[in-house]
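Sequence and predicted model, in that order:
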Amino acid sequence: MTVQRKLRATDTFRFLLLRRIRAPLIVLIVSFSISVLGFVLIPGIDADGNTWHMDFFHAYYFTSYMATTIGFGEIPYPFTDTQRLWTIISIYLTVGAWLYGFGTIISLLQDNTFKEVLKDAALSRHIRKIREPFYIICGYGDAGSLLLYSLTECGHHAVVLDSDHEKINALMLENHSIHVPGMAVDAGNSEQLNRAGLQHPMCAGVAAITGDDQVNLRIAITVKLLNPELEVVCRAQTQGVADNMNSFGTDCIVTPFKNYAELLSIAIDSPVKSQLYEWLYGTPRTALAAKMEPPSGYWVICGYSRMGKEIYQQMTKAGLECKVIVRRTELAPADTIAGRGTEAHTLEKADISRAVGIIAATNDDTDNLSIIMTARDLNPALFLVIRQNHYTNETLFAAANVDFIMHNNSMIAKECMSFFTSPQLTPFMQHLDQQSNVFAEQLLQRIQAVSGDETPDCWIVDINEKYALAACRILREGRQLTATHLLDHCMQYNQEVPLMILSITRGGKEYFLPDDDFELTEDDKLLLCGQDKFNRQIQFLLSDYDLLNDSIRNVLLNNKNALLQQSSA
Amino acid sequence: MNMNKVSFAFFIIFSLSINFAFFLGDIDNPDHHSSYELFVAIVVNLIATVLKFGERSQIGAILLATSLVADLCLISAAVVWGVTIHVFHLPMVPEVMSSIVSLSGAALIANLVSVTLLVLETVTMRR
């Protein structure tokens, strides 16, 4: 026997509803028919004193308005006493049946399970109807809400899952530019992930960023089993889980502690590179991050949890001298100082006056703030790095006026966002790591030129039939298409240079920072950087044949003019 | 013996029988077709319909559909009757009577299908 397809909850409830209204409906039909039959059989006397029989038409009419307590009166002639006696019996029979029947149906409609089922059905319908790429966000904590904000700001659709009802209710109250369906379910449940659109043709990616590593792991496995094509990004708190996720092909693993540790050591080594990182990974349209220049020298690290540990390892690897202050010294390095770090004497014991910087990396926001305040009093020249655990403390941390804030959840959101919208950024940053500081400085200036005062947006443009039909047509005609043609079009409306190409991916090979006359071919993936308003313009240009032709002609004309001027000069 | 199943079969077969009782006779002779029979046929049919609510199987869905067809035909017959007498104030002429009876004949077919299905389901049921 084949396995029967499991009926959806909606169907189950519909059957249940129909079964439960059987009894009230039968009672209604029976009482009505008894009453009608009675009125037809009982003789009456008309105005002239003749005997008459009510027909079914009038009997049904009379019963209907009697049962519903409307009561128009005795028609077509005043009733005899026999008829009135039957009316009395009928009233108690039909009015009771009517109230019972209606009461049952209304109470069924107000049933909480029923309402829940209706809501779920509406949600599933909404998700099924999404016709644009969307992302599934599992876990709606600080990281989830920051990621959702970035996604919706860039015009992407998303579905949010969280096991906490309160968080989903909060999501419903928030004002996003795009309607975001939220489901208060366990995201580790494959059935629920499917309902959220895991196998939907438009699903573009899954972010498993709940606070529980095991749940994240389960989500990653589910995605890779049910829809291997789909890209999944996971948050991992420990290296063991990260390795596990890696083993079955999780596309991107976010380890925020490690990322911050690396970022910090890059910043000490080369402030320009870390600034580039902040710009390219930052939330678009926010103010550009300022340069941070953590000095090289002796550092004090407070707290030796996962973050403190990563930073300690990263810094000692970079050859920096550092000292750890932690309450429980069992797992910490040998020369660790025991204490909270919030008191002056522990900090003095760690030789704070000699230190160039302090990192407050405990799990407690209040402790971290207290460490920073105490340390600043003891040594005002310190470079202050602080770990922020909760997004709600945002204003406190901003007021603390420190040099660098490490906020895990915003790191997770940033990493997920750039993975979803511009995965080519990771190889680009790896390439940048190997370049000199001078190169990075030049790149920084070019980006500043295109982005102005705001953090630029990075996005991918595919040169294929779906997204760039006109470009494909021109390329097939054997004509040249270069970056200049794309930029020229945008410059017609805006005098400044609007955007730049960071890299081009062609057949698995990356071409970083191509020249303006780099020839494009079909199936290229362009990583663009600039103000996001040009995203739409470029899309439009690439799919409009005439516009693209104009742009090419324009560039030719400009080149000719330039040549003429040169020769005349 | 399950009382639910008895009442289920009872109403389905009863609706066919009473439908036939109304249908029987000269098609255009009002004397052969009693309005009481039509009334009972409608009531029994309605009850049979409600009893078929909430059946999950494929056969349950078809049973409900046949019942709905029968209801529709019988109620149309009653409406034709009522409209002729009370709205147009016409006497019951053979033309109208034959239309009413043929509508009840349509319901009869639907009820016949319903009973056939019921019998088929019972026969094919494994013991």
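That came in fine, so what should we check first?

For residue B:112, give me its contacts.
Counting by CB atoms under 8 Å, 6 or more residues apart in numbering or on different chains, residue B:112 touches residue B:16. Glycine gets a C-beta too; all of them are placed from N, C-alpha and C.

pLDDT value on residue 111, please?
The chain I'm using is chain A. Here, the pLDDT recorded for residue A:111 equals 83.

actually chain B
pLDDT, residue B:111: 96.

how about the residues of chain A near chain B?
Applying CB under 8 Å from any CB of the partner chain, one finds that chain A approaches chain B through A:7, A:15-22, A:25-26, A:29-30, A:33, A:36-37, A:40, A:55-57.

ok, now with 6 Å
Residues of chain A lying near chain B by CB under 6 Å from any CB of the partner chain: A:15, A:18-19, A:22, A:25-26, A:29, A:33, A:56-57.

Does the residue of chain B found nearest chain A lie in a helix or a strand, and which?
Residue nearest to chain A within chain B: residue B:54 (3.5 Å; CB to the nearest CB). For residue B:54, there is no enclosing helix or strand under DSSP states H and E.

which residues touch it?
A:15, A:18-19 (CB atoms under 6 Å, 6 or more residues apart in numbering or on different chains).

which among the residues you listed gets closest to residue A:501?
Nearest to residue A:501 among those: residue A:15, at 58.6 Å, using CB to CB.

May I see the ChimeraX selection of the buried members of the contacts of residue B:54?
Only the buried members of these enter the following ChimeraX selection, criterion being 16 or more other CB atoms under 10 Å in any protein chain shown:
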select /A:15,18
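
Put together a markdown table for the contacts of residue B:54, with distance to residue A:544, secondary structure and pLDDT on each row.
A markdown table is the format used below for those (distance: CB to CB, whole Å; DSSP: H, G, I helix; E, B strand; the rest coil; pLDDT from 0 to 100):
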| residue | distance to residue A:544 | secondary structure | pLDDT |
| --- | --- | --- | --- |
| A:15 | 53 | helix | 79 |
| A:18 | 55 | helix | 83 |
| A:19 | 59 | helix | 83 |
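
in the chain, which segments are predicted with low confidence?
Here I'm looking at chain A. For chain A, the stretches flagged by pLDDT under 70 are A:1-11, A:489-497, A:569.

Switch to chain B, please.
B:126-127.

which residue ranges form the helices in it?
Taking DSSP state H as the criterion, chain B carries its helices at B:3-23, B:35-51, B:58-82, B:94-124.

Pick the most deeply packed of those helices.
Burial of the helices of chain B is given as mean neighbour count (mean count of other CB atoms under 10 Å in any protein chain shown); helix B:35-51 ranks first at a mean of 22.

Just the residues contacting that helix, thanks.
For helix B:35-51, contacts defined as CB under 6 Å, 6+ apart pick out A:22, A:25-26, A:29, A:33, A:56, B:8, B:11-12, B:14-15, B:18-19, B:21-22, B:67, B:70-71, B:74.

by how many degrees do it and helix B:58-82 diverge?
Interaxial angle, helix B:35-51 versus helix B:58-82 (axes from the mean of the first three to the mean of the last three CA atoms, to 10 degrees): 150 degrees.

now helix B:35-51, how far from the centre of its chain.
Here helix B:35-51 is found 7 Å from its chain centre; the criterion is CA atoms, centre = their mean, to the nearest Å.

With just CA atoms, put that helix into CSV.
C-alpha atoms of helix B:35-51 as CSV (Å, rounded to 0.1, in the frame of the first residue of the first chain):
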residue,chain,number,x,y,z
SER,B,35,-47.3,18.2,-2.7
TYR,B,36,-46.8,16.4,0.6
GLU,B,37,-44.7,13.8,-1.1
LEU,B,38,-42.5,16.5,-2.6
PHE,B,39,-42.2,18.2,0.8
VAL,B,40,-41.1,14.9,2.5
ALA,B,41,-38.7,14.2,-0.4
ILE,B,42,-37.0,17.6,0.1
VAL,B,43,-36.7,17.2,3.9
VAL,B,44,-35.3,13.7,3.6
ASN,B,45,-32.9,14.7,0.9
LEU,B,46,-31.6,17.7,3.0
ILE,B,47,-31.0,15.4,5.9
ALA,B,48,-29.2,12.9,3.7
THR,B,49,-27.0,15.7,2.4
VAL,B,50,-26.1,16.9,5.9
LEU,B,51,-25.2,13.3,6.9
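
still on that earlier bit, which of the contacts of residue B:54 lies closest to residue A:243?
residue A:15 (48.0 Å).

Could you measure from that closest one over to residue A:475?
To residue A:475, residue A:15 is 57 Å away according to CB to CB, to the nearest Å.

With residue A:532 instead?
For residue A:532 relative to residue A:475 (CB to CB), the value is 26 Å.

cool, residue B:11 as well?
Residue B:11 sits 73 Å away from residue A:475, going by CB to CB.

and what of residue A:356?
Going from residue A:356 to residue A:475 by CB to CB gives 55 Å.

surely residue A:321 meets residue A:296?
No: assessed by CB atoms under 6 Å, residue A:321 is found out of contact with residue A:296, at 9.8 Å.

for the residue positioned nearest the centre of chain A, what are its contacts?
Geometric centre of chain A, nearest residue: residue A:148, 3.2 Å, by CA atoms, centre = their mean. Taking CB under 6 Å, 6+ apart as the contact definition, residue A:148 lies against A:137, A:158.

Next: residue B:56.
By CB under 6 Å, 6+ apart, the residues touching residue B:56 are residue A:15.

Now residue A:475, what are its backbone angles?
The phi and psi values for residue A:475, taken as degrees, to the nearest 10, are phi -70, psi -40.

Is the residue nearest to it when sequence neighbours are not counted in a helix, a strand, or coil?
Once flanking residues are discounted, residue A:475 sits nearest to residue A:522: 5.5 Å by CB to CB, 6 or more residues apart in numbering or on different chains. At residue A:522 the chain is in coil, as set by DSSP: H, G, I helix; E, B strand; the rest coil.

Residue A:233 - that's part of a helix, no?
No: Residue A:233: not assigned to a helix; according to three-state DSSP it is strand.

That one: what's it in contact with?
By CB under 6 Å, 6+ apart, the residues touching residue A:233 are A:207, A:252, A:416, A:419.

Then residue A:266?
Each residue near residue A:266 by CB under 6 Å, 6+ apart is listed here: A:273-274.

just the strands in the stretch 1-150 of chain A please.
Counting by DSSP state E, counting those that start in this stretch, the stretch 1-150 of chain A has strands at residues A:43-45, A:51-53, A:134-138.

got the contact list for the strand or helix carrying residue A:470?
Assigned by DSSP H and E, residue A:470 belongs to helix A:469-476. With contacts defined as CB under 6 Å, 6+ apart, helix A:469-476 is touched by A:463, A:465, A:481, A:522, A:542-545, A:548.

how about the strands in the stretch 451-569 of chain A?
A:457-462, A:499-506, A:509-512, A:525-530.

How about the secondary structure of residue A:313?
What three-state DSSP gives for residue A:313 is helix.

ok, and the closest non-adjacent residue to it?
Among residues not flanking residue A:313 along the chain, residue A:261 sits closest, at 7.2 Å (CB to CB, 6+ apart).

and the angle from the helix or strand where the one you found lies to strand A:231-235?
Using DSSP H and E, residue A:261 maps to helix A:256-269. Counting by the same axes, to 10 degrees, helix A:256-269 points 80 degrees away from the direction of strand A:231-235.

which helices and strands does the helix or strand following helix A:256-269 pack with?
Per DSSP H and E, the first helix or strand lying C-terminal to helix A:256-269 is helix A:271-281. Where contact means 3 or more CB pairs under 6 Å, 6 or more residues apart in numbering or on different chains; DSSP states H and E, helix A:271-281 is packed against helix A:256-269, helix A:437-451.
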